[in-house]
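Visitor: got a predicted structure plus its sequence, pasted below:
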Amino acid sequence: MSIAIIVEGKNDKSRLRRLLADDILILCTNGTLNTDKLEQIKKKIGGRDVYLFTDNDPSGKRIRGILRDAFPDAEQIYTRRGYAGVEGTPDEYIVQQLEKAGLDEFIRYPEQGPIA
């Protein structure tokens, strides 16, 4: 299975990159979307399955709406309200959401520290 995840910014991308296999394509909107940017994203995605993972704030919701229209079959991954966007979401919660989306085989599980 070949997949692509679309996020808002480079910090979101680097956050996910640490938790996902290298062959997962992670693309950034850089907080803006226009027709040209959407076409570039579509071209890079090709025939991959698409997942949307944007912040749970007004800007993220607006971008998600545009992406949902452009990729109607995309799976939605959500961060919890109260976290500072995808980049500010704890690894454990991101992993839970990736598992919920069925992406277990692509997850690089963080090493657990010693139990006190």
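Guide: Good, I have the coordinates.
Visitor: flag the shaky bits of the chain, pLDDT-wise.
Guide: Low-confidence segments of the chain (pLDDT under 70): 1, 112-116.
Visitor: confirm that I77 sits in a strand.
Guide: Yes: using DSSP: H, G, I helix; E, B strand; the rest coil, the assignment for I77 is a strand.
Visitor: distance-wise, check it relative to E111.
Guide: Using CB to CB, to the nearest Å, I77 is found at 23 Å from E111. To be clear about C-beta, it is placed using only N, CA and C from the backbone, and glycine gets the same treatment.
Visitor: out of these two, which sits in the more crowded spot?
Guide: A side-by-side neighbour count of I77 and E111, using other CB atoms under 10 Å, places I77 first with 20 against 5.
Visitor: pretty sure the more buried one sits against D55.
Guide: No: I77 lies out of contact with D55 (CB atoms under 8 Å); the separation is 11.5 Å.
Visitor: all helices for the chain, in order.
Guide: For the chain, applying DSSP state H gives helices covering 10-17, 35-45, 58-70, 91-100.
Visitor: any chance of JSON lines for those, columns distance to S2?
Guide: Formatted as JSON lines, those follow (distance: least, CB to CB, whole Å):
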{"stretch": "helix 10-17", "distance to S2": "16"}
{"stretch": "helix 35-45", "distance to S2": "9"}
{"stretch": "helix 58-70", "distance to S2": "18"}
{"stretch": "helix 91-100", "distance to S2": "16"}
